[in-house]
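Colleague: have a look at this prediction, sequence included:
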Amino acid sequence: MIDFKGKCVLVTGAAGGIGRATCAMFHGAGATVVFADLDGEGAAAAAAACDPSGATAWGIAHDTTSSADTERVVAEVVARHGRIDVLVTAAGVFPPRPILEMDDAAWRHVLAVNLDGVLYASRAAIPHMEAGASMVHIASVAGHRGSPMHAHYATAKGGVLALSRSLASELAPMGIRVNAVSPGIIATTMTDGLMARKGDIILATTPMARMGTAEEVGGVICFLASDLASFVTGETIHVNGGWYMAS
């Protein structure tokens, strides 16, 4: 029921767990997918796994913290495909740091990747999106409830939620929808450290008593970007097995 044939999808952070799984799902539903990531080789390898020919999936190196580099990536996508139908911002970092040890550089880096990058990608893509286009930004349960040892990350993700709602309101007259997803603990390398420290407690307080998968997040992203969600904008869907509800 979800069909992206003829659509061009740009995903940032595409070499990571959620980004890569999301790209594969879009491609499986017929989209042409651009895998953008700081790890350009990883992005190219992930794209080649979907389409070795590079015709319907290709990778590009992308520094999400740079507005100029983001403009370059978007320009290349538009040069090859003419427009952007779906933007997904999956680039993110999740380093633990107590607030008293969080220097300015650590704070700025996490906000630059997790929040500034969402603004830069959205701003660059908007002129090349038409009515019916969609953005899905990846926030986090941390943006709703905070996160000890990750104040910078939680702050950035709270900003993603506010930015998504603001964009949804501003872009609705153009026919562009903007939504967000808030994953909980998903089985990717990003959460390995947290699970090592607090995994037993997290699973014990999660009604579904397990971690989520990158594909489960990707499925919600694809739904929000699809015509099945054509009257949904400014919303956030939690993907956390009930953890947020129960906490």
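Modeller: The structure has been received and is ready for your questions. Because the structure is a prediction, the values reported are computed rather than measured.
Colleague: list the contacts for the residue lying closest to residue 189 once chain neighbours are set aside?
Modeller: Nearest residue to residue 189, sequence neighbours excluded (Cβ to Cβ, 6 or more residues apart in numbering): residue 17, at 6.6 Å. No exception for glycine: its C-beta is placed from N, CA and C like everyone else's. Residue 17 sits next to 186, 187, 188, 189, 190, 214 when contact means Cβ atoms under 8 Å, 6 or more residues apart in numbering.
Colleague: again, but for residue 50
Modeller: 23, 24, 27, 33, 56, 57.
Colleague: now those residues in JSON lines, with pLDDT, distance to residue 195 and neighbour count?
Modeller: Converted to JSON lines, these look like this (pLDDT from 0 to 100; distance: Cβ to Cβ, whole Å; neighbours: other Cβ atoms under 10 Å):
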{"residue": "23", "pLDDT": "98", "distance to residue 195": "24", "neighbour count": "32"}
{"residue": "24", "pLDDT": "98", "distance to residue 195": "24", "neighbour count": "21"}
{"residue": "27", "pLDDT": "98", "distance to residue 195": "29", "neighbour count": "20"}
{"residue": "33", "pLDDT": "98", "distance to residue 195": "29", "neighbour count": "30"}
{"residue": "56", "pLDDT": "98", "distance to residue 195": "35", "neighbour count": "14"}
{"residue": "57", "pLDDT": "98", "distance to residue 195": "31", "neighbour count": "25"}
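Colleague: the chain: helices as residue ranges?
Modeller: 17-28, 40-50, 67-81, 104-111, 117-125, 142-145, 151-171, 192-204, 214-225, 243-246 (DSSP state H).
Colleague: relative to residue 90, which of the ones you listed is closest?
Modeller: helix 17-28 (3.5 Å; Cβ to Cβ).
Colleague: the closest one to helix 40-50, inter-axis angle?
Modeller: Between helix 17-28 and helix 40-50, the angle comes out at 40 degrees (axes from the mean of the first three to the mean of the last three Cα atoms, to 10 degrees).
Colleague: just the CA atoms of helix 17-28, as PDB, please.
Modeller: Extracted in PDB, the C-alpha atoms of helix 17-28 (Å, rounded to 0.1, in the frame of the first residue of the first chain):
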ATOM      1  CA  GLY A  17      21.400   1.900  11.700                       C
ATOM      2  CA  ILE A  18      18.100   3.700  11.400                       C
ATOM      3  CA  GLY A  19      19.200   5.700   8.400                       C
ATOM      4  CA  ARG A  20      20.400   2.700   6.500                       C
ATOM      5  CA  ALA A  21      17.300   0.600   7.300                       C
ATOM      6  CA  THR A  22      15.000   3.500   6.300                       C
ATOM      7  CA  CYS A  23      16.800   3.900   3.000                       C
ATOM      8  CA  ALA A  24      16.400   0.200   2.200                       C
ATOM      9  CA  MET A  25      12.700   0.400   3.000                       C
ATOM     10  CA  PHE A  26      12.100   3.400   0.700                       C
ATOM     11  CA  HIS A  27      14.100   1.800  -2.000                       C
ATOM     12  CA  GLY A  28      12.100  -1.400  -1.600                       C
END
